[in-house]
Structures are given as C-alpha cells and as structure tokens.
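S.K.: kindly generate the corresponding structure for this input.
(4 chains)
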Number of protein chains: 2
Amino acid sequence: MVLRAVVDDYVATAEPVGSRTIARKYGLGVSPATIRNEMAELEEEGYLEQPHTSAGRVPSSKGYRYYVDYLLSEERLDEGERVRLRAALAQHAHETAALLQHAVRLLSAASGYLVMISGPDLARSTCRFMQFVPLRPGRAFLVLVTENGLARNMLVELDERVTADELRQASEALSQRFRGWALRDVEEALASGMLGDLGRYREVLARAVVTLCQQIEAADRHQVYLGGATNLLKQPEFRDVDKVWTLLNALEEGEVGYELLHGWSRDDGDVMVAIGEELGLDAVRMCSLVSGGYRLCERPVGRIGVLGPSRMDYARVRALVEEVTRGLTEILTERLA
Amino acid sequence: MVLRAVVDDYVATAEPVGSRTIARKYGLGVSPATIRNEMAELEEEGYLEQPHTSAGRVPSSKGYRYYVDYLLSEERLDEGERVRLRAALAQHAHETAALLQHAVRLLSAASGYLVMISGPDLARSTCRFMQFVPLRPGRAFLVLVTENGLARNMLVELDERVTADELRQASEALSQRFRGWALRDVEEALASGMLGDLGRYREVLARAVVTLCQQIEAADRHQVYLGGATNLLKQPEFRDVDKVWTLLNALEEGEVGYELLHGWSRDDGDVMVAIGEELGLDAVRMCSLVSGGYRLCERPVGRIGVLGPSRMDYARVRALVEEVTRGLTEILTERLA
DNA sequence: GTTAGCACTCTTGGCGCTCGAGTGCTAAAC
DNA sequence: GTTTAGCACTCGAGCGCCAAGAGTGCTAAC
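M.R.: Model (predicted):
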C-alpha cells in the first residue's frame, strides 16, 4: 500500500516523500510512475497533501487517521525493554505522586515525546485517614490521606482553647466516620451541619476540614504531571520557537492538559489516538496524542497521554502507553486494593 | 556614565548599541565622537564587546558585573504590585509545597524569566508527627509530617500479625520520641538499633521508618520547583532552539538547578547576582541568576532564583526576589514557628 | 578635551540565477 | 486496461552579487 509507505517514510525522515523514493526504498515492484498515479488519487481523496507543487507528498490528518485505524501493525515491545520499564515503575510504588511523576519521566524518555499524566481526581477520592496534629495553641496541621494513596496536609487555625486530647478524639471520630467517603461528600456533609460527635468545638473543627477540602478541590483537583517537553524541541516541526512557545504556554496554563487528556476520552480502557485537529486545540494542530486510562480495581483513576508531532511512531508509542497504563493499574491495584 | 547607558539601552532593545544612539537617547550633552572614544576605552578595559566591527557595542560579563555592583539603582517595587504579590502569596500559605509552587508562578509571571525555588532539605527537616495507618493486615500507610510543613506518606509492608492497636501505640511512641529530630538522625538512631518502646514488632516498624527516610532522602532531597521556562522562549537570545534545548535539558535533569541555586551561595541572606560564566555551567553562559534565600525563624530553608539572559532588568528582578524571599520568610515563620 | 569629517568595514536584504527534485500528462508497451 | 518511459513544467533552495546603512577609528581642527 502506497499510503503506508508514505507515512512510514515521512515519519522516519520528516521530509516530503516523492514517488521515486518510495519505489526505491519500499520495493513494491512497480515504477515511480505507477506510484505517482496512485499518489494523485490519494491526494484527490484527501489522504495526502502537497506542501507545494514539486515537493513530495505529506500525509494529511485523514491520512494519519486511516493509517492508525487500518494499517498499524500491533507492535510488541522488546521483552527486555518491557521488563525494564516495569521494574523501574515498581521502584517508586511507595507513594502515588512519586509514582506518577516517575512514570512521566520513564515514558518521556522511552518515547521521546512530551508526556502528561492526570492524577486521581482528589475531590472524588475517598478518605482513608484524617488527623489533627497540634502545633501550638490555636494552630494545628490537618493531615489527610486518601485511599488511592495521596497525602495532603494543611495548616489550620483553631480556637485556642481546643486541647490536644480533644483534637485526638476528633481525629478518631472523623477517620472512623468518613472512611471511604469521597472528599466532596465529606465536605458537603460537614458544611451542611451533620457534625456528629466531634466534641465541644465541633464547628471549628468541621470548618477546618471543609476548608481543606475546598482548598484541595480548588488547587489540585485536576493535577497533571508533565514532562519531556524538551523532547519536542528536537523534533523538526518545532524548529520554530514561536510554535513551541504557543504549545508549551497552553500546556503550562492550568486546565489545558487535563482537557486534552479527558476531553475526548470514553474511558473504556483502550488506548486511543487523537490526531491534529481532532484534539480541538489550535496550538496542537500539528500534533497527535496517544492516550490511555489507568485504573485502581476497575475504577478509572487518571489518564496517560503522549503528545508528539502527528508524524509520530504510532505503533511504538501505542505499545508504550499500553504497557505503562497496565503497569500503573497493576501497581495501584496491588498496593492499594 | 557611558557604561550605564550602554547596558540600559541594550537591556531595553537587545540590539548592539552605537554611539549615535547613546548621544541621542541619553542626552549626556556630548557628541557621538566623544562617546566613541569612551567606548573604545571601555572595550580596551574589557567592559564592552563588539560582535563585529561596525556593529554597536554590547556589555561583556565584566561590564554587567560592574553595572550590577556600582551602577545599579535601588529599585523599589510599585506599592500596588508589592501588596498584590504579598496577598497572592499568602493565599496559598496553607501548605508548604503549594506555597512554593505558587511562588514560582507568581515570580515568573512578574519577572518574565525562568524561576527556580529549592524546597526545604527534607533530610535535614525535623520531624513533627509520624503515624501508621493500617490498610489491611500486613499493609499500612506511614504518614510523616515535618515541622516545616511538608507531608509525605508511603506504603509499607509489615508483619501480618501486627494489630491496629499496636500500630497506634507505636505511632504515638515514634511521634513522642522523635519530635524535633532531623530525619537523618531519626534514620540513624533506628538503623543502629535504638528502638525504644515500639512494642512487639519493633524491628519491622523501625525498618519501615528507616525505609521511608531513605526513600525521602533519595527521591526529593534536593527538590527544585521550576517554572516560567516558556518565558525564556520570548527572549531574543533564545531564538535558537538548540540553545533553549541545551538549557532546559540541563535544568530538567536533576541536580543542576539545585547546584545553580546553592553552588555559589553564601547563605548570608542578601540577594546576589551571578553573571554568565560565573555560574560555572556552559549551558547558561549567556544567562544571569538573581537569587536569595528564604528562612524559617532565622534558619535558612531554601533559595529562590530568577534565571534570565544576562541582558536582564537587574534592578527590578532584584527587587522582586527580595520581596518574595521576604514574603516567604514571613509566611513560613508566622505559620510554623 | 571635544568635535566634525571622512574613509573604511561589515552586516543585511533584495535580486536574479541555476540546479534539482518532483510532478502531471501523453503515448507506447505489456 | 494497467503499467511504464519520456518529457515538459513548476517551484523552492542555495548561491553570488550588489547596494544601502549603520557604526567605527582616525585625523585634524576648535
């Protein structure tokens, strides 16, 4: 198939590819002229584009889409690489945030592209443990650990008369009562006055918890771990500083990364590929995103995405994403189930 | 002074500056010819450089150094800006990591350059609170909060026979005993067998704590929060993608940022400026770093650095760094003292 | 010490040229 | 009817050349 050859060669060289090249490199047993005819047809149908007359052809988004959907071979990772990846992941399994951070690094090094991973949605995470740690009269840390392994602590102001003992009891009560509740439900329950047995200063304590929940929701509701941006600078399509700037600026600013990862997602577990305009963001029109979701006990937790130029080694990247999602899922499930 | 005019103009325009320009823009009451003489002299002495004959002059590192040391006026920030900065900082004071992260964002937005902040050295941080949170038999979270407000949690494997009650008692004992100890001392004490009253399973529990300490030391001993890298892309000296790549790659990889911040530092509290080669790193030869330390109760905690091209608005950046270090110091001290 | 004048240097940008890669079309060959 | 060879055509990349402009250094005069 000519389309496959064009995509393969363009992915490898980043140069528009001409009929002669294909005839030579991808011995299809036909002459350049035949290939020219075919290419003209493919262009007609929108699978290829010409940067200008008398340059070779370049795949269009439609071309990449067809390639990904019908021509992509199932690439298995090299067994050694697979094992190494898995081992490196497991090495940081002790703490969720570190694990995700590390996964970003591994994946960006292995793929050579930019990697984003969205963490668990904290507001939806369920509570495992809550405790007030007295600092000095009227001041305490409130420590919160969720069942998916994230810890947050926060400084809270309390009534000066609250004693250490009361704090301990309140902590106990909170942990007992809200274990397994989603943070947003905890917040709601406390905010609406269902205070239960928090002791003398229940209003103050409840307000502290509510504040923490709100802070968390506001601050890192949609936390996205990001890495390997410099990889993109090596790609010829980003030789232009302005393009890089537009892209990185978009990603650096808040929600864009999260939107890219989750906007398209069906969360049905398979790795999916979004190409160029499909991403719906102008700054990444020449990029593609290969993404997949990782889980904890069948429940979706977050998504992994590899963002590179549309001219991307889809087979390999897809295999990598698959491998890392599977790895994360297994680690999280094994550790936290 | 001619040197001042050259630096000022070059900072503003990024173009080599000629004698005529100076005579016109910085009315010193003399003709271009006079200025030419002076410039020739300054070049002789190494304060200025010529990219090529018949371009204007550009300050050398030595020139910037003189400018910073002797010609720099004390810039006060606009009062409104000062207040806004301070308020924005205080808004995230509830959690140390979030505070530093946020400071990076604020400072990079205000300065228009790249910002690095090194966090507290965890191995040297002192322990405020430790607790085992049972997950299921043989598995628990170990939560650690330091006195400078950082929380870490980690999954640990324990003997299956350890009961929840024993965990509670051990937590109590640990927190009591090690409160105020530096992490590395805790680690050392436990590793060398001073187990105290940790109950039946003291070895297992102690090993868990030691592992956590080690993990922490290994993983984020020298954590550096980084932001505003995209700002640099807007600077004309980084129009060349390869330069950007070299720089960002260096910074993305581990210890370099920390070295830059702390290599030069005398930690005597004043804001300092390192110019070009003084930084001792090839990738940042055309850059300067304005840095200052922030503290908690007179004890140095970490450092803030603004990295931009040597052609940088030193007065403003210095004022900003001063302001933010002071802000962080006050917030940390007020909250955690 | 300062300045005007002047010759000199070096970069930048525009222009035109050639070269080469690649195309599309047509007519012949299989 | 599909494939191929041949050929004219197009267009961008690269190169050399030239003119313009900015800036310098030097010298001589103020």
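S.K.: what about stretch A:274-293, how long is it end to end?
M.R.: Between the opening and closing residues of stretch A:274-293 there is a gap of 14 Å (Cα to Cα, to the nearest Å).
S.K.: buried sites along it?
M.R.: For stretch A:274-293, the neighbour count (16 or more other Cβ atoms under 10 Å in any protein chain shown) marks A:274-276, A:278-279, A:281, A:283-293 as buried. Every residue, glycine included, has its C-beta placed from N, CA and C.
S.K.: same check on stretch A:39-57?
M.R.: A:39, A:42, A:47-48, A:56-57.
S.K.: point out the residues in the stretch 51-200 of chain A that sit beside chain B.
M.R.: When proximity is defined as Cβ under 8 Å from any Cβ of the partner chain, the stretch 51-200 of chain A approaches chain B at A:92-95, A:98, A:128-129, A:131, A:133, A:135, A:139, A:141, A:143, A:145, A:149-156.
S.K.: looking at chain A, which helix is longest?
M.R.: helix A:314-336 (DSSP state H).
S.K.: give the rounded mean pLDDT of that one.
M.R.: For helix A:314-336, mean pLDDT is 94.
S.K.: pull out the buried members of the residues of the stretch 51-200 of chain A next to chain B.
M.R.: Buried, going by 16+ other Cβ under 10 Å: A:92-95, A:98, A:128-129, A:131, A:133, A:135, A:141, A:143, A:145, A:149-156, out of those.
S.K.: which of the residues you listed fall in helices?
M.R.: residue A:98.
S.K.: returning to that earlier point: select from the residues of the stretch 51-200 of chain A next to chain B every entry located in strands.
M.R.: A:128-129, A:131, A:133, A:135, A:139, A:141, A:143, A:145, A:151-156 (DSSP state E).
S.K.: quick one: which two of those residues are the most distant?
M.R.: Across those, no pair lies farther apart than A:128 and A:139, at 24.3 Å, counting by Cβ to Cβ.
S.K.: what's around the one residue in chain A that gets nearest to DNA strand C, how many residues?
M.R.: Residue of chain A nearest DNA strand C, by Cβ to the nearest atom of the strand: residue A:18 (2.9 Å). Neighbourhood size, residue A:18 [other Cβ atoms under 10 Å in any protein chain shown]: 19.
S.K.: give me the phi and psi for it.
M.R.: phi -100, psi 170 (degrees, to the nearest 10).
S.K.: spit out the contact partners of it.
M.R.: Residues near residue A:18 by Cβ atoms under 8 Å, 6 or more residues apart in numbering or on different chains: A:32, A:55-57.
S.K.: ok, 6 Å please
M.R.: residue A:56 (Cβ atoms under 6 Å, 6 or more residues apart in numbering or on different chains).
S.K.: next: residue A:2.
M.R.: So residue A:2 contacts A:35, A:38 (Cβ under 6 Å, 6+ apart).
S.K.: at 10 Å what do you get?
M.R.: With contact set as Cβ atoms under 10 Å, 6 or more residues apart in numbering or on different chains, residue A:2 has these partners: A:19, A:22, A:26, A:28, A:30, A:34-39, A:41-42, A:47-48, A:57.
S.K.: which of the buried residues of stretch A:39-57 fall within helices?
M.R.: Using DSSP H, the buried residues of stretch A:39-57 in helices are A:39, A:42.
S.K.: secondary structure element holding the nearest residue to residue A:122 once chain neighbours are set aside?
M.R.: Spatial nearest neighbour of residue A:122, chain neighbours left out: residue A:216 (5.1 Å); criterion: Cβ to Cβ, 6 or more residues apart in numbering or on different chains. Secondary-structure assignment from DSSP states H and E places residue A:216 in helix A:202-220.
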